[in-house]
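Engineer: sequence first, then the predicted structure, then my questions.
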Amino acid sequence: QVQLVESGGGLVQAGGSLKLSCVPSGRIFNSIAMGWYRQAPGKQREVVAVINSGGSTAYADSVKGRFTISRDNAKNTLYLQMNSLKPEDTAVYYCNTKTLTPTGGRSDYWGQGTQVTVSS
């Protein structure tokens with residue numbers, strides 16, 4: 001079973017930056033979109049940013065202008081550049097890949113998550 005492996009989380013002061021990376025442990029076929037999600041304590045998991053197979057991106061309103069999602073197809077890596085971090089960005093960040101199944105359905109791959117903590 002292919003897994004997504006995230007890295008780059010850590011502790012940073014408000015106003016600082018972090019860059020998250022996500023690499024699959026093996027080949028993932030029929031990927032239609034990749035994205036970053038986050039879950040803060042006591043809250044539901046929410047989408048942060050997504051990028052589809054055509055390269056189009058979308059962001060949560062709370063991170064627009066501060067976060068940038070990108071991918072390096074040659075390195076098979078997904079990134080999330082996070083600038084001007086705020087304490088409310090503190091959460092576990094998860095990488096996700098959505099694929100198209102042979103029957104036309106959707107399937108999800110998730111990483112184990114990486115902790116991002118922003119101190120005030």
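Structural biologist: Received the coordinates, thanks. Numbering: from 1, shown residues only.

Engineer: mind picking out the helix or strand in this protein with the poorest mean pLDDT?
Structural biologist: Every helix and strand of the chain was ranked by mean pLDDT, DSSP states H and E. The lowest is strand 106-110, at a mean of 92.

Engineer: packing partners for that strand?
Structural biologist: Helices and strands touching strand 106-110, by 3 or more C-beta pairs under 8 Å, 6 or more residues apart in numbering; DSSP states H and E, are strand 91-100. For glycine as for every other residue, the C-beta is placed from the backbone atoms N, C-alpha and C.

Engineer: just want the angle from the strand it packs on to strand 106-110.
Structural biologist: With axes from the mean of the first three to the mean of the last three C-alpha atoms, to 10 degrees defining the directions, strand 91-100 sits at 150 degrees from strand 106-110.

Engineer: quick check: buried residues in strand 91-100?
Structural biologist: 91, 92, 93, 94, 95, 96, 97, 98, 99 (16 or more other C-beta atoms under 10 Å).

Engineer: got the contact list for the least confident helix or strand of the chain?
Structural biologist: 2-4, 24, 28, 32, 94-101 (C-beta atoms under 8 Å, 6 or more residues apart in numbering).

Engineer: list the strands paired with that strand, with their directions.
Structural biologist: Applying DSSP bridges, strand 106-110 is found paired with strand 91-100 (antiparallel).

Engineer: so for the strand it pairs with, what's the average pLDDT?
Structural biologist: What strand 91-100 shows for mean pLDDT is 96.

Engineer: what of stretch 7-17?
Structural biologist: Here stretch 7-17 scores 98 as its mean pLDDT.

Engineer: the residue nearest in space to the middle of the chain: which element?
Structural biologist: Geometric centre of the chain, nearest residue: residue 36, 2.1 Å, by C-alpha atoms, centre = their mean. If you go by DSSP states H and E, residue 36 is part of strand 31-39.

Engineer: just the CA trace of that strand, in PDB.
Structural biologist: C-alpha atoms of strand 31-39 as PDB (Å, rounded to 0.1, in the frame of the first residue of the first chain):
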ATOM      1  CA  SER A  31      -3.900  11.000  -9.700                       C
ATOM      2  CA  ILE A  32      -6.400  13.800 -10.400                       C
ATOM      3  CA  ALA A  33      -5.600  16.200  -7.500                       C
ATOM      4  CA  MET A  34      -3.300  16.700  -4.600                       C
ATOM      5  CA  GLY A  35      -3.700  18.800  -1.600                       C
ATOM      6  CA  TRP A  36      -2.900  19.800   2.000                       C
ATOM      7  CA  TYR A  37      -5.400  19.600   4.800                       C
ATOM      8  CA  ARG A  38      -5.000  20.500   8.500                       C
ATOM      9  CA  GLN A  39      -6.600  19.600  11.700                       C
END
